[in-house]
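Below: sequence and its predicted model.
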Amino acid sequence: MLGLTPISTSIITVLINKQMPNQNNQKIAIVHDYFGQYGGAEKVVEVWLGMYPEALLYTAYFIPEKFKSSEIITQAWEEGRVVTTPIQLLFKIKWMQKFQKHLFWVYPILMSFLTVKAADVVLISSTYCGKNISIENSPSNAIPKIIHYCHSPTRFLHGLVTETDHKSLSGFLQALIPLFTFWLKWMDLNAANYLSKKGAIWVGNSKFICSLIKQVYSVEPILIYPPTDIQKFINIQPKQPLSRNSYYLCHGRISFHKRLDLAIQACLELGIPLKIGGTSALPKEMEDLKSLVTVYETKNPQSKGLIEFLGRTTDDQYLNLLENCKGFLFPGKEDAGITPIEVFASGIPVIAYQAGGALEYLQNGINGVFFKDQTVESLKSAILEYQDLLSKSTFTAAIIKETAKQFSQEIFESKITDLVQI
């Protein structure tokens with residue numbers, strides 16, 4: 001089907017099977033695209049592993065050092081319950097890990113040779129290649145129940161990207177993408193059709209994503225918002241009044257589509273401190289953001305020190321950052337967005353781009369402020385509007401916390417359990 005010779009097919013299958021732990025008595029299988037960076041999608045898998053601690057986890061590759069902060073995911077790896085493809089051997093070489101995104105075209109191929117066996121239920125978390133996995137019937141010869149939690153249709157294959165989505169990639173990699181798009185799109189649609197024929201239940205993580213799933217894959221998904229550990233944040237009491245706090249905050253996985261460049265530029269031009277927590281899988285993304293700051297500081301020495309890159313933070317550091325910040329900036333167009341819900345649970349308002357998942361949880365003037373255009377000027381106007389509302393004590397921490405409760409981990413687990421038991 002993929003144009004591979006019988007010999008190469010056999011080699012790939014043997015390499016994969018050698019990595020597979022004993023599957024006896026395993027009833028639940030979990031599938032995820034890959035584990036190269038810890039973010040919202042990986043938190044969904046983390047919750048599933050907590051719900052089903054004996055489950056096998058299938059993925060294209062797993063980089064253990066990226067998940068030291070997650071005891072549950074690390075435990076699955078250390079117990080040998082993670083099944084990977086042959087690309088795992090390559091990424092054992094540390095310097096090769098920087099080519100994770102360059103090898104995007106090979107992951108769906110390798111995942112198609114990975115087979116889930118002896119499972120009664122298969123939980124798939126995917127934006128890309130997870131859906132390409134093969135699934136055998138259960139020991140009783142029944143087709144396993146398949147629940148596909150789709151964080152987003154594969155963006156670059158279905159025209160769901162913006163003109164800025166690939167700007168941080170090298171010119172060489174940008175040139176490669178169109179060459180692979182046609183057959184990768186075919187594989188993606190073929191994989192979606194395969195799951196649908198097996199009776200998969202499709203789940204979207206927001207109304208926005210549900211509409212895209214229906215548009216791209218011609219299926220009717222169920223809406224289940226992603227899990228947020230509300231209890232971890234609910235006891236935070238923000239320093240009041242917020243208007244006196246010194247800095248704004250951005251936090252989470254750093255990626256070009258999150259548009260942190262807008263937050264940085266807006267805060268530099270307004271002379272407002274901004275702390276940025278998180279890391280990127282691509283060193284060039286961090287270099288570009290830091291270069292943006294350096295160039296501005298060179299021309300405007302008085303702005304030196306306004307922007308602070310914190311890198312990876314501990315849970316305690318994150319909670320402390322929330323407790324003492326003026327507000328949270330969320331300038332990207334996100335499919336859903338777990339981080340803003342964590343911020344709401346802390347009683348902190350959010351300034352967000354008026355698009356994507358933010359439309360489903362941000363209430364203008366109640367728990368935050370929207371900006372309409374993804375530009376520096378639009379964000380600056382929203383920040384000034386927000387600061388005016390702060391000076392009038394418009395926001396109430398208790399009301400903001402209340403808006404987060406419908407997105408709790410408990411509700412997510414209950415709805416997943418209901419689907420598994422149907």
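Good, I have the coordinates. Not measured: the values here are computed from a predicted model.

buried stuff in the lengthiest helix in the chain?
Among the segments of the chain that qualify as a helix by DSSP state H, the longest is helix 171-197. Buried residues in helix 171-197, counted by 16 or more other C-beta atoms under 10 Å: 177, 180-181, 184-185, 187-189, 191-192, 194-195. No exception for glycine: its C-beta is placed from N, CA and C like everyone else's.

likewise stretch 124-139?
Burial within stretch 124-139, assessed by neighbour count using 16+ other C-beta under 10 Å, is assigned to 124-133, 135, 138.

How about stretch 259-272?
Applying 16+ other C-beta under 10 Å to stretch 259-272 flags 259-270, 272 as buried.

For this protein, name the helix or strand with the lowest mean pLDDT.
Using mean pLDDT, DSSP states H and E, helix 6-18 stands out as the lowest-scoring helix or strand of the chain, at a mean of 44.

ok now the helix or strand following that one, how far from the chain's centre?
On the C-terminal side of helix 6-18, the nearest following helix or strand under DSSP states H and E is strand 28-32. Relative to its chain's centre, strand 28-32 lies at 17 Å (C-alpha atoms, centre = their mean, to the nearest Å).

outside of stretch 66-75, which residues touch it?
With C-beta atoms under 8 Å, 6 or more residues apart in numbering as the test, stretch 66-75 has contacts from 35-38, 42, 45-46, 49-50, 53, 64, 77, 312, 314-315.

Could I get the full set of strands for the stretch 101-250 of the chain?
In the stretch 101-250 of the chain, the strands defined using DSSP state E, counting those that start in this stretch lie at 115-116, 121-126, 134-135, 145-150, 201-204, 222-223, 248-251.

Can you lay out those strands as JSON lines showing mean pLDDT and distance to residue 375?
As requested, the strands of the stretch 101-250 of the chain are arranged in JSON lines below (pLDDT from 0 to 100; distance: least, C-beta to C-beta, whole Å):
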{"stretch": "strand 115-116", "mean pLDDT": "96", "distance to residue 375": "45"}
{"stretch": "strand 121-126", "mean pLDDT": "97", "distance to residue 375": "32"}
{"stretch": "strand 134-135", "mean pLDDT": "96", "distance to residue 375": "45"}
{"stretch": "strand 145-150", "mean pLDDT": "97", "distance to residue 375": "30"}
{"stretch": "strand 201-204", "mean pLDDT": "97", "distance to residue 375": "29"}
{"stretch": "strand 222-223", "mean pLDDT": "96", "distance to residue 375": "31"}
{"stretch": "strand 248-251", "mean pLDDT": "96", "distance to residue 375": "17"}
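
Export those as a markdown table, with columns for distance to residue 98.
A markdown table is the format used below for the strands of the stretch 101-250 of the chain (distance: least, C-beta to C-beta, whole Å):
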| stretch | distance to residue 98 |
| --- | --- |
| strand 115-116 | 30 |
| strand 121-126 | 24 |
| strand 134-135 | 30 |
| strand 145-150 | 28 |
| strand 201-204 | 32 |
| strand 222-223 | 37 |
| strand 248-251 | 23 |
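
Any idea which of those gets closest to residue 408?
The minimum distance between residue 408 and the strands of the stretch 101-250 of the chain falls on strand 222-223, with 15.1 Å, by C-beta to C-beta.

coming back round to it: and which of the buried residues of stretch 124-139 is nearest residue 152?
Once C-beta to C-beta is applied, the member of these that ends up nearest residue 152 is residue 127, at 4.8 Å.

which residues touch the closest residue to residue 368 other than its chain neighbours?
Spatial nearest neighbour of residue 368, excluding adjacent residues (C-beta to C-beta, 6 or more residues apart in numbering): residue 350 at 3.9 Å. Counting by C-beta under 8 Å, 6+ apart, residue 350 makes contact with 327-330, 340, 343-344, 358, 362, 367-369.

Where neighbours are concerned, which of these has the most?
residue 329 (30 neighbours; other C-beta atoms under 10 Å).

Doesn't it lie inside a strand?
Yes - per DSSP: H, G, I helix; E, B strand; the rest coil, residue 329 lies within a strand segment.

Excluding covalently adjacent residues, which one is nearest to it?
Counting by C-beta to C-beta, 6+ apart, residue 263 is the residue found nearest to residue 329 once chain neighbours are left out, at 4.4 Å.

same deal with residue 101?
residue 282 (6.3 Å).

Do I have it right that that neighbour meets residue 102?
No - using C-beta atoms under 8 Å, residue 282 makes no contact with residue 102, being 9.8 Å away.

These two - which one has more neighbours?
residue 282 (19 against 15).

and that one, how far is that from residue 108?
20 Å (C-beta to C-beta, to the nearest Å).

Okay, now the unreliable bits of the protein?
Along the chain, the parts satisfying pLDDT under 70 run over 1-26, 160-174, 176, 281.

Would you map out the domains in it?
Segmentation of the chain into domains, based on automatic domain parsing, reads 6-228+408-421, 230-403.

Measure how far the longest one is from the centre of its chain, please.
On the basis of C-alpha atoms, centre = their mean, the separation between the geometric centre of domain 6-228+408-421 and that of its chain is 12 Å.

three-state assignment of residue 348?
Residue 348 ends up coil, using three-state DSSP.

next one: phi and psi at the closest residue to residue 312 other than its chain neighbours?
Excluding its sequence neighbours, the residue lying closest to residue 312 (C-beta to C-beta, 6+ apart) is residue 279, at 5.2 Å. As for residue 279, its main-chain torsions (degrees, to the nearest 10) stand at phi -130, psi 170.

give the contact list for residue 279.
37, 253-254, 286, 311-312.

Tell me which two of those residues sit farthest apart.
37 and 311 (13.3 Å).

Please say which of these two ends up with more neighbours.
Shown here are residue 37 and residue 311; by other C-beta under 10 Å, residue 37 has more neighbours (19 against 10).
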